[in-house]
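# The following block contains a protein sequence and its predicted model.
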Amino acid sequence: MRTAFKIGDPVVVSNRDARGHMRTPSYIRGKTGVIERLCGSFRNPETLAYGGDGLPKQPLYRVRFLQSHVWSDYEGTLTDTLDIEIYEHWLTPTS
């Protein structure tokens, strides 16, 4: 399986305005995280939800974010993290 990212790669979540069945939470869009693992390739639930076949399959990654970078008012420790599974088509490499 060809993938765009490997473990440890920094990525940015697309900040596009998407309506309908989206697996990428709006609060994480535009945020920077690090690829924690590749979960596999799966049919795209964003098109499956509307009667499509979900093909081609999309790589799904677990991306780790520092909580303090996600929530501006986060009061926990600076090392607290949040892991979210995000499909490849929502991710771009950091510049």
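Yes, it's here.
# mind listing the strands for the chain?
10-13, 32-42, 58-66, 81-87, 91-93 (DSSP state E).
# How far away from the center of its chain is the last one?
Just to be clear, that refers to strand 91-93. For strand 91-93, the distance from its own C-alpha centre to the chain's C-alpha centre is 9 Å (C-alpha atoms, centre = their mean, to the nearest Å).
# Could you give me the buried positions within it?
If you call a residue buried by 16 or more other C-beta atoms under 10 Å, then strand 91-93 has these buried ones: Leu91. In short, each C-beta sits where N, CA and C put it, glycine included.
# where does the protein have its least confident helix or strand?
The least trusted helix or strand in the chain, going by mean pLDDT, DSSP states H and E, turns out to be helix 45-48, with a mean of 87.
# Centroid-wise, who is the farthest residue in this protein?
Taking C-alpha atoms, centre = their mean, the residue of the chain most remote from its mean C-alpha position is Glu75, at 23.5 Å.
# What separation is there between that residue and Ser68?
Using C-beta to C-beta, to the nearest Å, one obtains 9 Å as the distance from Glu75 to Ser68.
# go on, Pro45?
30 Å.
# now swap in Arg43 and tell me
35 Å.
# repeat for Arg37
With C-beta to C-beta as the criterion, Arg37 and Ser68 are 22 Å apart.
# ok so, going back, pick the most buried one from the strands of the chain.
Highest mean neighbour count among the strands of the chain (mean count of other C-beta atoms under 10 Å): strand 58-66, with a mean of 20.
# Report the central residue of the protein.
Nearest residue to the geometric centre of the chain (C-alpha atoms, centre = their mean): Ile86, 2.8 Å.
# check contacts around the closest residue to that one other than its chain neighbours.
The spatially closest residue to Ile86, leaving aside those adjacent along the chain, is Val63, at 5.1 Å (C-beta to C-beta, 6 or more residues apart in numbering). For Val63, the contact set (C-beta atoms under 8 Å, 6 or more residues apart in numbering) comprises 11, 13, 33-36, 83-86, 91.
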